[in-house]
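**Q** I would like to see how this sequence folds:
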Amino acid sequence: MYQVFDNNNKPAQQPYHSIDKSWSNSKFSTLEEAQEYAKHWLGMYSPDQYLSLNEKYDLYGSIIEIREVE
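**A** Got it, this is the predicted structure:
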């Protein structure tokens, strides 16, 4: 499993962030799905290529990262 995190250790999803309930799952069975989610999460601030596993992306002090989880 792969999960997208924002602000270092917070899952990139609701209720950890004050966002729409449609953002309710940041954990995926494939890296590609997590990469796609991270790209949408970052929106217009997304880098040109997908984030690599364990690559920290600094978005104005908010660290975005995809990690392998259980």
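
**Q** I'd assumed Q13 was in contact with D20.
**A** No - at 10.4 Å, D20 does not count as touching Q13 under the criterion of CB atoms under 8 Å. To be clear about C-beta, it is placed using only N, CA and C from the backbone, and glycine gets the same treatment.

**Q** which of those two has more neighbours?
**A** Q13 (21 against 8; other CB atoms under 10 Å).

**Q** For the nearest residue to that one once chain neighbours are set aside, grab the count of nearby residues.
**A** Closest residue to Q13 apart from its sequence neighbours, by CB to CB, 6 or more residues apart in numbering: S26 at 4.1 Å. When neighbours are defined as other CB under 10 Å, S26 has 23 of them.

**Q** In contact with S26, which residues?
**A** Q3, V4, F5, P11, A12, Q13, A34, Y37, W41 (CB atoms under 8 Å, 6 or more residues apart in numbering).

**Q** and what of L31?
**A** Here L31 is in contact with Y2, L53, I66 (criterion: CB under 8 Å, 6+ apart).

**Q** what about the helices in this protein?
**A** For the chain, applying DSSP state H gives helices covering 31-42.

**Q** Quick check: Y50 vs S18, distance?
**A** 26 Å (CB to CB, to the nearest Å).

**Q** The two: which is more packed in?
**A** Y50 (15 against 6).

**Q** hang on, isn't the more buried one packed against A34?
**A** No - counting by CB under 8 Å, A34 is not a contact partner of Y50; they are 9.1 Å apart.
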